[in-house]
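A.B. asks: Predicted model follows, preceded by the sequence.
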Amino acid sequence: TRGTQSPTRTALPCAALPKITADPLEDPKALQVSMPRHPALEAVLAGDVTIPCLITYLGPQPTTASTGGRRAVLGTPRVKWTFISEGREVEILVARGDRVKVSEDYRLRASLPIFHQRYTNASLLLTELRPNDSGIYRCDVQHGIEDGHDILHVKVKGTSGWAEVAFGAAWGPLLAQQTLPWVL
């Protein structure tokens, strides 16, 4: 009967589709997001760390608007910081211009100290580091229809928290493998 047949759909493998890349010479709004290439950024437990995120605009840069309004806000880049650990993604903050929304888990600990003054630096300042702050941090930037991201691994030192100390047989069987707290 008419109208009961479903249309035939053909799925193409991804390899069959051409790769589309933005040519910076053809697209003046293209941007690049970069973090230094280290094996990992190391930080100290209970200390502070600045995780760099630099933005390069291959065309005209957005300017910090002294006048507010919807048009000024929409013309500024949007930055989103995400923490990735054990397969989980947790949003840290989202910022556009002077507006910053920090998630509850990072309230009073996460900020972008330079971004509202210079839209080329979206570095994240994370304070009062905790053991579970070790992991991968991703900086996503969107400006107009262009976007980019980069990641960096952060290791918080002192996260082991406990050092095994063998006291030997003289201390008796209960103390033969005692654990004591140590900050490494």
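C.D. replies: Noted; the coordinates are in hand. Note that the coordinates shown come from a computational prediction; the quantities given were computed from them, not determined experimentally.

A.B. asks: helices and strands of the protein: which one bottoms out on pLDDT?
C.D. replies: Within the chain, no helix or strand scores below strand 162-165, which has a mean of 35 by mean pLDDT, DSSP states H and E.

A.B. asks: Tell me the buried residues in stretch 40-57?
C.D. replies: Within stretch 40-57, the residues that count as buried by 16 or more other CB atoms under 10 Å are L41, A43, L45, V49, I51, P52, C53, L54, I55, Y57. From N, CA and C alone the C-beta is placed, and that goes for glycine too.

A.B. asks: Not counting residues beside it along the chain, what's closest to the fourth one?
C.D. replies: In space, V49 comes closest to A43 once its chain neighbours are excluded; the distance is 3.8 Å by CB to CB, 6 or more residues apart in numbering.

A.B. asks: Now the longest strand along the chain - C-alpha only, PDB.
C.D. replies: The longest strand of the chain (DSSP state E) is strand 146-157. Extracted C-alpha coordinates of strand 146-157, given in PDB (Å, rounded to 0.1, in the frame of the first residue of the first chain):
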ATOM      1  CA  GLU A 146      34.800  28.700  14.700                       C
ATOM      2  CA  ASP A 147      35.900  26.500  17.500                       C
ATOM      3  CA  GLY A 148      39.000  24.700  18.800                       C
ATOM      4  CA  HIS A 149      40.300  22.900  21.900                       C
ATOM      5  CA  ASP A 150      43.300  21.400  23.500                       C
ATOM      6  CA  ILE A 151      44.000  19.200  26.500                       C
ATOM      7  CA  LEU A 152      46.700  18.900  29.200                       C
ATOM      8  CA  HIS A 153      47.300  16.300  31.900                       C
ATOM      9  CA  VAL A 154      47.800  17.700  35.400                       C
ATOM     10  CA  LYS A 155      49.400  15.600  38.200                       C
ATOM     11  CA  VAL A 156      48.800  16.800  41.800                       C
ATOM     12  CA  LYS A 157      51.800  15.700  43.800                       C
END
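
A.B. asks: follow-up on the earlier one: for the buried residues of stretch 40-57, which one is nearest Q142?
C.D. replies: Of all those, Q142 sits closest to I55, with 10.6 Å by CB to CB.

A.B. asks: Looks to me like that closest one is in a strand.
C.D. replies: Yes - assessed with DSSP: H, G, I helix; E, B strand; the rest coil, I55 lies in a strand.

A.B. asks: That one bridge partners, please.
C.D. replies: The bridge-partner assignment for I55, based on DSSP bridges, gives V33.
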